[in-house]
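*Asks:* Sequence and predicted structure are below.
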Amino acid sequence: HRNDAFERVMDVLINLKERPEFIFLENVKGFYESQPYHKFIHVLKSLGYEWRQYILSPIQFQIPNQRSRFYMCIRRKKREEE
């Protein structure tokens, strides 16, 4: 199935003893409207991550391609005691 790999990534992230400080995600433009996106947001919130998301087109960077993509920059929130 198309989302099996993404589901596996979420499972790995949940079960890691030492989670990454930063995650960068790229996907199709409509990803933010999908069920896997909503599940991923739930996982990120439960694990203490914050994020910014963008729809970017290569045209914005003078690359002759108009296919927009979805990007997320994800960061683990700092603990209060740090």
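*Replies:* Arrived safely, thanks for sending.

*Asks:* mind listing what the nearest residue to residue 30 once chain neighbours are set aside touches?
*Replies:* Excluding the flanking residues, the one nearest residue 30 by Cβ to Cβ, 6 or more residues apart in numbering is residue 70, at 7.6 Å. Yep, even glycine has a C-beta here, placed from its N, CA and C like the rest. Neighbour list for residue 70: 25-32, 53-55 [criterion: Cβ atoms under 8 Å, 6 or more residues apart in numbering].

*Asks:* most neighbours, which of those residues?
*Replies:* Greatest neighbour count in those, by other Cβ atoms under 10 Å, goes to residue 31: 19 neighbours.

*Asks:* Would you agree that residue is in contact with residue 39?
*Replies:* No: Residue 31 lies out of contact with residue 39 (Cβ atoms under 8 Å); the separation is 11.7 Å.

*Asks:* helix or strand for residue 8, which one?
*Replies:* Here residue 8 sits within helix 4-15, counting by DSSP states H and E.

*Asks:* Output that helix as CSV, nothing but the C-alphas.
*Replies:* The C-alpha trace of helix 4-15 is given here as CSV (Å, rounded to 0.1, in the frame of the first residue of the first chain):
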residue,chain,number,x,y,z
ASP,A,4,2.9,1.6,4.4
ALA,A,5,6.4,3.2,4.4
PHE,A,6,5.1,6.3,6.0
GLU,A,7,3.3,4.3,8.7
ARG,A,8,6.5,2.4,9.4
VAL,A,9,8.4,5.7,9.8
MET,A,10,5.8,6.8,12.4
ASP,A,11,6.2,3.5,14.2
VAL,A,12,10.0,3.8,14.3
LEU,A,13,9.7,7.4,15.6
ILE,A,14,7.3,6.4,18.4
ASN,A,15,9.6,3.5,19.5
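
*Asks:* Quick check: buried residues in it?
*Replies:* 6, 10, 13 (16 or more other Cβ atoms under 10 Å).

*Asks:* buried stuff in the helix or strand where the residue nearest to residue 30 lies?
*Replies:* Using DSSP H and E, residue 70 sits within strand 69-76. Using 16+ other Cβ under 10 Å as the test for burial, strand 69-76 gives 70, 72, 74.

*Asks:* I appreciate the help and will end here.
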